[in-house]
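*Asks:* my questions concern the predicted model and sequence given below.
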Amino acid sequence: MTAPTDLIARDLRSFIRGDVDFDPVSRRLYATDAGLSQMEPLGVVSPRDAEDVALLVAYCAERGLSVVPRGMGSGLNGAAVGAGVQVDFTRYMNSVLDVAPDGSWVRVQPGLVLASLNRHLRPHGSFFAPDPSSENHCSLGGMIGTNASGARTVAYGATKDHVLALDVVLADGTLFKAQPMNPDHDHMSAFLAGSTLAGKAFSVVLPELQANRDAIYARMPRVVKNSCGYRVEAILGGTGISGAAASSRTAAESRDAALRPPASDLAHLQKLFVGAEGTLGIVTEATLNLVPLPATRGIAMAYFPSVFAVGEAVPGILALLPTAVEIMDSRFLTVVRKNDSRVDAMLPEHTDTAILIEFEGRDDAELDDKFAVLRRHLEETAALKLVRATTTAETEHLWKVRKSAVALMQRMPGPRQPLPFVEDITVHPTELPACVDFLQKLFDRERISAVMVGHVGDGNLHTRPVLDPKDPDDCRTMQLLYDEISAYVLSVRGTMSGEHGDGLVHTSRIEEMYGEEIYAFFTRIKNAFDPHGVLNPGKKIGPQDTTGSLFDNVRYGPDYGTTPQKPLLHFAPRGYESEIERCHGCAVCKSEVATTMCPVYKATRREHASPRAKANLLRSVITGALDPESTYGTAAMRTVTDYCIECGVCAVECPSQVNIPKLMLEAKSRYRAARRGGPVEMLLANVETVLRAGGLTAPLANRLVNQPLLRRLVEPVIGIDRRRAIAPFARRTFSRSAGVRAGGAGLGPDAPSPSGGMGLADGAAPADGAATPGRAVSGPPAPLVAYFYDLFAEYNDPALALLVERVLVAHGLRVVIPPQRPSGVPEMLYGYADKAREVARANIAAALPYVKDGALVVSAEPTASFAFKVHYADYVRGTDCSLVANATRDLGELLLRRRLDHPETAPNVGPLRTTRPAAGAVDGDAPRARLRIGYHQPCHLKAQQIGNPAVELLHEIPGLEVVDLAAGCCGMAGTFGMKVGTYDLSMQVGQPLFERVAEIAPDLLLSECSTCRMQLAHATGLEAVHPIVLLAEAYGL
């Protein structure tokens, strides 16, 4: 009998060295993957090693519990979703264990991400060949579980062709090394006759497989790739397509080998576990075959008037041994043309279908020869045009076009979205044109849209009909489409699972795909390895009473509903719920390579920290799966919300552009409404009060704030970690220096009062040494900018704000400084929505008169400009807010645009007047004439999507070498990196950046963000300044 959940969790914590999470929030975060399936697990364990896994499985087996292995949760068919104890390998078991000296193989743990592996292997001159499009956010364990492949399967094969050995925990908790064995060797006989679970299980599998090999092969789908059922044919089928062997085969030989692998002298026991989705054993370590990196690659795009014209051309293309042949149908091209003018310009008239073709070669000359042969071949077909990429940028763009399909479709407005329930159809390559034609006619008949892309070389189509999974009528259409498409695929001996696995979605159709006899063999295999149904039940071998319905265990469906919501921030009617539901769980936000998001997830590798976790949690609240009243104020909710540091990058990089930062501000506000903040939180949310007090007592405060003994004593009171250096306070604030009193301060030629109102206050004057125009400009009055300086410039570095003024004036601008409040971001971050709204209204009101007179709003602090552009609209409605947001510019953004549009007003740029010693120089060393600068782009600047304007401006300075660090978030995130509980995490988040700084050894660090500069200086010991400091010096100010 199953023990209560809390008792199970307590038992597991007594012997599991990893994490054990059985609370309601954690269970909801693991209830889904990237597809439609949903099933709440009993709990979640993140093991530290294989021993943890073995102990867990043994415990569960004794108590009748099931175990569900999970990688990144990026699968589409529910293979990693289940009601048992989920095992998350990605947090701790994610390492490269060993690489062969010659780069021919690698040993890895299952939680390692594919892109991270290939990055690690690059210095060895090798890579792991299977290449799913989710390479940045899929784990090796997940790839093994589903027999994943990708665009280059036509050349390199699938995952099963590259697995050399596996360490597996079996259903009784025993460890087994699955590797090739000689069936005729005495060791094999002893193994099969032994008492181990592995020996007993293989004694059932191998004799039957050897006796019925031909009959089994005859019932296999007639496809090049297959993830449906158990891949028993691979056990006796040799190594398949792998490594250098792939490039020496003709396309026909490769397809034939995949359809019927050649006999082997060995029994490749490890291959039974590939594609088995953890139903026969749980992989804890894998030894994988590696392939040499190609010397060069090249791609081209070919355009055709119909999909049948593609079908006529493809055999000749495959004969040329391409490494990838990708198809894009007319519906996809229509979507792309609307979003990419370059694609629209490339498409010839009457284009219906396009294919992308990639070749590899020993050198550019060999590639040129291959493309020349390809061009001659296509001239004999109905192809309309062939466009070859000639630069790296063009190559990346064409691949980006192909891989953008889902991302573009996911941004569709409205409830209908592209849904992945028939997205892995695979037929023989010769059947592909007819299959595409069938699908297009079916979608036209049902009057629905869909997008189709796929791998021509192996007959694999990724098809996503656009439907609303919450609408009962659309749900009926989904089921109808699934039934008709699976019947068609069966009729041509294809498979519904080419490379993504069966999971909960396709398991009910496996018997139909293979027939009763083969399915019975699959069932005997499952029962031999897992007689009590411990390992990932319901996958591969389904329950007897399965209905075959798509809606048995789904996050949405005809019965889906939400409870009425009253958000504290501003959303359109039902906008809060819709924003939550837009997250489809793709796991791109968990990418370890190629994205900046999510810095906290990258540091912790904890699901709770991922952006999708936030959406999953809030969806559970709005649907009533978690009670709103008892959830918003819980510690578990606080944990998830605190993991969001509001960098804003995920809203930009998310394929669906889900506004997770806004959702988290809402959740933080609700938490604060349910739970009053403590003294530390109130202090940090009102940090201006602290800074003002420090300024008033600056001489004394500056002597005391970094005294170790005092910091140790006050740490529990103020909540700031004693290891964090506090920036010195200015004796005179910027607003006092600039003469800002009741009104605004003006600077520059004829600085005006807005609408005849606010100008210099009585008796106020520009500061001593204030800037003068860079050069006299005739014509109309100089444009006006309203400068908002924010906290750090006001209380810690007023000299920086004065430099900002001087540089603005030097660019021929008039500067006015409205009476203002700090940006209000601390209040937002700590959930004080009413106070944040008050600040937003005050600053909008202060800026509005100037904006209405045509002025721009500018800030040198990215957090402030981001608040004006983005966050204020979350708290304040109306056109006034929009006017101010649209008029706001970050300082670098404004200066670069001014320099490009009005070069006649730009100041002359000269060499820096000062010299700084080289990094690491000692007293007496000669100064370095050329400065090497390490530039760090703050997250709040990246989130504004304005590029790197400061870097472009700095490139104009003679003798300056600027290196864009491009290593992600620094980890400071305002007060996040100051607090006792998060200081260490902030340093962990910034570690890749700090390592990058050490690698390039700059003389000076630059960043626009004040707290980023504090973190960089603290972690590296180098000076960190705002880019404006060097610009002002180069301008001679």
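*Replies:* Nice, thanks for sending it over.
*Asks:* make it CA atoms for all contacts and neighbour counts henceforth
*Replies:* Fine.
*Asks:* quick one: the strands in the stretch 51-200 of the chain?
*Replies:* Assigned by DSSP state E, counting those that start in this stretch, the strands in the stretch 51-200 of the chain fall at 67-70, 85-88, 96-99, 105-108, 126-127, 163-169, 175-178, 180-181.
*Asks:* pick the most deeply packed of these.
*Replies:* Among the strands of the stretch 51-200 of the chain, strand 67-70 has the highest mean neighbour count (mean count of other CA atoms under 10 Å), at a mean of 29.
*Asks:* packing partners of that one?
*Replies:* If you count contacts as 3 or more CA pairs under 8 Å, 6 or more residues apart in numbering; DSSP states H and E, strand 67-70 packs onto strand 85-88.
*Asks:* element containing Val325, please.
*Replies:* strand 324-328 (DSSP states H and E).
*Asks:* nope, Pro958 is what I was after
*Replies:* Judged by DSSP H and E, Pro958 forms part of no helix or strand.
*Asks:* ok, so what distance separates it from Leu931?
*Replies:* 10 Å (CA to CA, to the nearest Å).
*Asks:* repeat that for Ser203.
*Replies:* Ser203 is 70 Å from Leu931, by CA to CA.
*Asks:* give me the more crowded residue out of these two.
*Replies:* Neighbours of Ser203 and Leu931, each counted by other CA atoms under 10 Å, are more numerous for Leu931; the result is 21 against 18.
*Asks:* for Pro699, list the residues it contacts.
*Replies:* For Pro699, the contact set (CA atoms under 8 Å, 6 or more residues apart in numbering) comprises Arg731.
*Asks:* against Glu827, how distant is it?
*Replies:* For Pro699 relative to Glu827 (CA to CA), the value is 28 Å.
*Asks:* and if you look at Asn226?
*Replies:* 54 Å.
*Asks:* would you map out the domains in this structure?
*Replies:* Following automatic domain parsing, one finds the domains of the chain at 296-503, 575-675, 681-718, 734-905, 931-1034.
*Asks:* report the rounded mean pLDDT for the fourth one.
*Replies:* Just to be clear, that refers to domain 734-905. Across domain 734-905, pLDDT averages out at 83.
*Asks:* that domain: how far from the chain's middle?
*Replies:* 35 Å (CA atoms, centre = their mean, to the nearest Å).
*Asks:* tell me the span between the first and last residue of that domain.
*Replies:* End-to-end for domain 734-905, by CA to CA: 27 Å.
*Asks:* wait, Asp1003 sits on Leu931?
*Replies:* Yes. Between Asp1003 and Leu931 a contact is recorded at 6.2 Å, counting by CA atoms under 8 Å.
*Asks:* any idea where the helices of the stretch 651-800 of the chain begin and end?
*Replies:* Under the criterion DSSP state H, counting those that start in this stretch, the stretch 651-800 of the chain carries helices at the ranges 660-674, 679-685, 687-696, 698-704, 708-718, 734-737, 790-795, 798-810.
*Asks:* in the fourth one, which of the residues would be classed as buried?
*Replies:* This means helix 698-704. By 16 or more other CA atoms under 10 Å, the buried positions in helix 698-704 come out as 698, 702.
*Asks:* now the stretch 201-350 of the chain, which segments are flagged as low pLDDT?
*Replies:* Counting by pLDDT under 70, the stretch 201-350 of the chain has low-confidence residues at 238-264.
*Asks:* got the residue ranges for the strands in it?
*Replies:* Using DSSP E, counting those that start in this stretch, strands in the stretch 201-350 of the chain cover 267-268, 282-289, 291-292, 296-304, 324-328.
*Asks:* want to throw the ones you listed into a markdown table with mean neighbour count and distance to Asp642?
*Replies:* Below are those laid out as a markdown table (neighbours: other CA atoms under 10 Å; distance: least, CA to CA, whole Å):
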| stretch | mean neighbour count | distance to Asp642 |
| --- | --- | --- |
| strand 267-268 | 22 | 48 |
| strand 282-289 | 25 | 32 |
| strand 291-292 | 18 | 42 |
| strand 296-304 | 21 | 44 |
| strand 324-328 | 26 | 42 |
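*Asks:* can you map out the strands along the stretch 801-950 of the chain?
*Replies:* 814-817, 856-859, 888-890, 931-935.
*Asks:* among those strands, which is nearest Ala129?
*Replies:* The closest of the strands of the stretch 801-950 of the chain to Ala129 is strand 931-935. By CA to CA, the value is 34.8 Å.
*Asks:* render the CA-only coordinates of that closest one in PDB, please.
*Replies:* The C-alpha coordinates for strand 931-935 follow below in PDB (Å, rounded to 0.1, in the frame of the first residue of the first chain):
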ATOM      1  CA  LEU A 931      43.700  50.500 -23.700                       C
ATOM      2  CA  ARG A 932      41.900  47.100 -23.900                       C
ATOM      3  CA  ILE A 933      38.400  47.500 -22.700                       C
ATOM      4  CA  GLY A 934      36.000  44.800 -21.600                       C
ATOM      5  CA  TYR A 935      32.400  45.900 -22.200                       C
END
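*Asks:* starting from it, tell me which strands it pairs with and how they run.
*Replies:* strand 960-964 (parallel), strand 1004-1006 (parallel) (DSSP bridges).
*Asks:* out of these, which is closest to Lys385?
*Replies:* Closest approach to Lys385 among the strands paired with strand 931-935 (CA to CA): strand 960-964, 39.0 Å.
*Asks:* report the rounded mean pLDDT for that closest one.
*Replies:* Strand 960-964 comes out at a mean pLDDT of 96.
*Asks:* quick one: contacts of it?
*Replies:* So strand 960-964 is contacted by 930-937, 951, 954-955 (CA under 8 Å, 6+ apart).
*Asks:* out of the residues you listed, which comes closest to Thr5?
*Replies:* Once CA to CA is applied, the member of the contacts of strand 960-964 that ends up nearest Thr5 is Gln937, at 45.9 Å.
*Asks:* need the contact list for that closest one.
*Replies:* 948, 964-966, 1007-1008.
*Asks:* ok, it to Leu960 distance?
*Replies:* 18 Å.
*Asks:* the nearest residue to Pro472 once chain neighbours are set aside and Leu29, how far apart?
*Replies:* Using CA to CA, 6 or more residues apart in numbering and skipping residues adjacent in sequence, the residue nearest Pro472 is Pro558, 4.5 Å away. Distance, Pro558 to Leu29, by CA to CA: 22 Å.
*Asks:* and for Leu696?
*Replies:* 48 Å.
*Asks:* cool, Gly678 as well?
*Replies:* When Gly678 is compared with Leu29 (using CA to CA), they lie 28 Å apart.
*Asks:* likewise Gly974?
*Replies:* 27 Å.
*Asks:* Ala158 too?
*Replies:* From Ala158 across to Leu29, the span is 30 Å (CA to CA).
*Asks:* and what of Ala211?
*Replies:* From Ala211 to Leu29 the distance is 46 Å (CA to CA).
*Asks:* so between the two, which is more surrounded?
*Replies:* Per other CA under 10 Å, whichever of Ala211 and Leu29 has more neighbours is Leu29, with 23 against 10.
*Asks:* correct me, but that one touches His608?
*Replies:* Yes. Applying CA under 8 Å as the test, Leu29 and His608 come out as touching, 7.2 Å apart.
*Asks:* and of the domains of the chain, who's closest to Thr547?
*Replies:* domain 296-503 (11.7 Å).
*Asks:* endpoints of the closest one, how far apart?
*Replies:* By CA to CA, one end of domain 296-503 lies 37 Å from the other end.
*Asks:* with stretch 26-34 instead?
*Replies:* OK, stretch 26-34 end separation, CA to CA: 17 Å.
*Asks:* and the strands paired with strand 931-935, which is most packed in?
*Replies:* The highest mean neighbour count among the strands paired with strand 931-935, using mean count of other CA under 10 Å, belongs to strand 1004-1006: a mean of 24.
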